[in-house]
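K.L.:
Output the structure for:
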Amino acid sequence: MEFVEELRGQLSDEAPDRVTISSRVPAYGAPAMHAARRQTLSLYHIRRSRLVSVLAYNSPGELPPETFEEDAVTVRERIESLTVPYRGRTLGEAIMRGATIEWAIGRAENRLERAKEEDDYPAQWRDLERATAAIEDAESFVQARDGSDYADDLPTVTERVVNEFEHRQEEAPEELLQDTSVGEEPVPSFASSAIASAQRSMRLLGASPSSRRGLPEDGNYGQTVLTYALLLPTVSLYEAFADVPHVSYWEELEYERGATPEALRAEKTATIDAVAPHFEADDPLVAHLATVPLGVVRDADSRLQTLIDDPREFDDTEWAKRRGQVLLQYESARRYAEAIDEPIDIITEL
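P.N.:
Numbering: from 1, shown residues only. Take a look at the predicted model:
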């Protein structure tokens with residue numbers, strides 16, 4: 001019981017409205033506030049579920065199997081009865097709100113299925129509690145939604161943005177360099193690194209670029225549009241870096257490495273200048289997309305700070321390579337920011 005009381009205290013102390021933002025911000029990714037809210041909500045779910053699993057372990061009589069079955073049925077009914085409202089002041093806001101609700105519903109479904117498959121009794125209750133928390137989130141998000149109804153537009157918008165992404169990806173230059181002398185094999189371009197860095201930010205924003213296919217069939221129109229809208233600007237990175245090999249091949253290909261402090265400063269300034277106007281837009285989807293290049297900039301800043309903090313860790317060749325990598329990261333963030341208007345235009349075209 002002492003341990004249970006300790007957990008209750010943790011649950012109270014770390015409730016979402018009492019956690020400081022600075023303690024929850026990752027080293028890279030979305031802006032601090034967004035990342036803090038997402039991570040804090042996740043932590044709150046973990047505290048709730050841990051408390052329930054401890055109670056199930058210590059006092060199984062208070063949480064009998066028949067109660068588990070009843071609660072599982074109730075959660076399933078709550079999931080099936082919920083309709084996602086695609087409402088907002090703008091279409092972009094409706095997409096973001098819908099995606100948030102779909103994400104919470106999907107999490108509830110996943111945790112409920114895991115709870116039913118678990119063999120360990122406390123773990124069953126842990127996952128059921130997480131499913132309950134997730135569907136509570138979804139229901140509260142639904143109740144808070146207002147604005148114009150865009151539900152009839154979302155299937156068309158989804159098809160349009162998905163088709164545009166796939167078309168542009170097919171037309172983009174190959175990601176691999178074909179004319180190399182490294183074992184007579186194609187060498188990945190820097191585009192793969194640039195896109196991977198951008199996708200880290202996307203995942204913190206709630207998108208799923210690695211598992212995007214199948215979303216339209218699941219009816220998750222908000223998540224699908226958000227994911228593809230975030231992915232579309234990455235297509236321009238293929239063309240921008242088609243002739244730049246991946247960092248790991250720079251020595252073999254004698255690629256010119258390095259970047260002056262002035263070049264780094266200028267490229268970062270250009271990136272910020274490209275991103276800034278998007279945060280003044282009325283449509284929150286525009287600002288949401290703009291957080292991706294900011295996440296890439298934060299990642300590049302972190303790499304650069306590592307070089308500054310310990311200048312003797314690397315030799316001159318490695319220093320030059322790492323500075324060159326940071327410069328290309330800043331450039332990839334700028335090019336992404338410059339391409340943000342394209343998915344917005346596709347989504348909102350009449």
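K.L.:
what sits against Pro284?
P.N.:
Thr90, Gly92, Glu93, Met96 (Cβ atoms under 8 Å, 6 or more residues apart in numbering). Placement of C-beta: from N, CA and C, glycine included.
K.L.:
from memory Ala240 sits against Ala333, does it?
P.N.:
No - under the criterion of Cβ atoms under 8 Å, Ala240 is not in contact with Ala333, lying 11.4 Å apart.
K.L.:
more neighbours, the two?
P.N.:
Neighbours per residue, other Cβ atoms under 10 Å: of Ala240 and Ala333, the larger number sits with Ala333, 30 against 21.
K.L.:
Can I get the contacts of Pro284 in TSV including secondary structure?
P.N.:
As requested, these are arranged in TSV below (DSSP: H, G, I helix; E, B strand; the rest coil):
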residue	secondary structure
Thr90	coil
Gly92	helix
Glu93	helix
Met96	helix
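K.L.:
Which one (most neighbours) among these?
P.N.:
For the contacts of Pro284, the largest neighbour count, defined by other Cβ under 10 Å, is 25 neighbours, found at Gly92.
K.L.:
Next one: it relative to Ser197, how far apart?
P.N.:
Gly92 sits 24 Å away from Ser197, going by Cβ to Cβ, to the nearest Å.
K.L.:
same question, Pro60
P.N.:
Pro60 sits 47 Å away from Ser197 when distances are taken as Cβ to Cβ.
K.L.:
Specify which residue of these two has the higher count of neighbours.
P.N.:
Neighbour comparison, Pro60 and Ser197: the larger count goes to Ser197, with 25 against 13 (by other Cβ under 10 Å).
K.L.:
contacting residues around the host helix or strand of the more buried one?
P.N.:
Per DSSP states H and E: Ser197 is located in helix 191-204. Outside of helix 191-204, the residues within contact range by Cβ under 8 Å, 6+ apart are 26, 28-30, 34-35, 38, 175, 209-210, 227, 230-231, 233-234, 237-238, 240-242, 244, 246-247, 291-296, 299, 325, 328-329, 332-333, 336.
K.L.:
so how far is that helix off the chain centroid?
P.N.:
The chain centroid and the centroid of helix 191-204 are separated by 9 Å, computed with Cα atoms, centre = their mean, to the nearest Å.
K.L.:
next one: stretch 327-345
P.N.:
Going by Cα atoms, centre = their mean, the spacing between the C-alpha centre of stretch 327-345 and its chain's C-alpha centre is 17 Å.
K.L.:
So for it, what gets flagged as buried?
P.N.:
Buried residues in stretch 327-345, counting neighbours by 16 or more other Cβ atoms under 10 Å, are found at 327-340, 342-344.
K.L.:
Ok, stretch 86-100 next?
P.N.:
86-88, 90-100.
K.L.:
Quick check: the farthest pair among the contacts of Pro284?
P.N.:
Thr90 and Met96 (9.5 Å; Cβ to Cβ).
K.L.:
Give me the common contacts of the two.
P.N.:
Contact criterion Cβ under 8 Å, 6+ apart; residues bridging Thr90 and Met96 by contacting each: Pro284, Leu285.
K.L.:
Okay, angle between the strand or helix carrying Thr317 and helix 191-204 too, please.
P.N.:
Assignment of secondary structure by DSSP H and E places Thr317 within helix 316-338. Between helix 316-338 and helix 191-204, the angle formed by their directions is 60 degrees, by axes from the mean of the first three to the mean of the last three Cα atoms, to 10 degrees.
K.L.:
So which other helices or strands are in contact with the helix or strand following helix 316-338?
P.N.:
Sequence-wise, the next helix or strand beyond helix 316-338 is helix 341-348, with elements assigned using DSSP H and E. Helices and strands touching helix 341-348, by 3 or more Cβ pairs under 8 Å, 6 or more residues apart in numbering; DSSP states H and E, are helix 91-117, helix 154-171, helix 221-231, helix 284-309.
K.L.:
repeat that for 7 Å
P.N.:
If you count contacts as 3 or more Cβ pairs under 7 Å, 6 or more residues apart in numbering; DSSP states H and E, helix 341-348 packs onto helix 154-171, helix 221-231.
K.L.:
Now do the shortest one: everything it contacts.
P.N.:
Outside helix 221-231, the residues that touch it by Cβ atoms under 7 Å, 6 or more residues apart in numbering are 86, 95-96, 98-99, 102-103, 154-155, 157-158, 161-162, 165, 202, 205, 207-209, 212, 215-216, 289, 292, 343, 347.
K.L.:
From those, list just the buried residues.
P.N.:
Using 16+ other Cβ under 10 Å as the burial test, the contacts of helix 221-231 include 86, 95-96, 98-99, 102-103, 154, 157-158, 161-162, 165, 202, 205, 207-209, 212, 215-216, 289, 292, 343, 347 as buried.
K.L.:
follow-up on the earlier one: now for the helix holding Thr317, which elements pack on it?
P.N.:
helix 191-204, helix 235-240, helix 261-275, helix 284-309.
K.L.:
would you list those in JSON lines and tack on distance to His45 and mean pLDDT?
P.N.:
Formatted as JSON lines, the entries for those read as follows, by distance: least, Cβ to Cβ, whole Å; pLDDT from 0 to 100:
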{"stretch": "helix 191-204", "distance to His45": "17", "mean pLDDT": "86"}
{"stretch": "helix 235-240", "distance to His45": "35", "mean pLDDT": "91"}
{"stretch": "helix 261-275", "distance to His45": "32", "mean pLDDT": "90"}
{"stretch": "helix 284-309", "distance to His45": "23", "mean pLDDT": "86"}
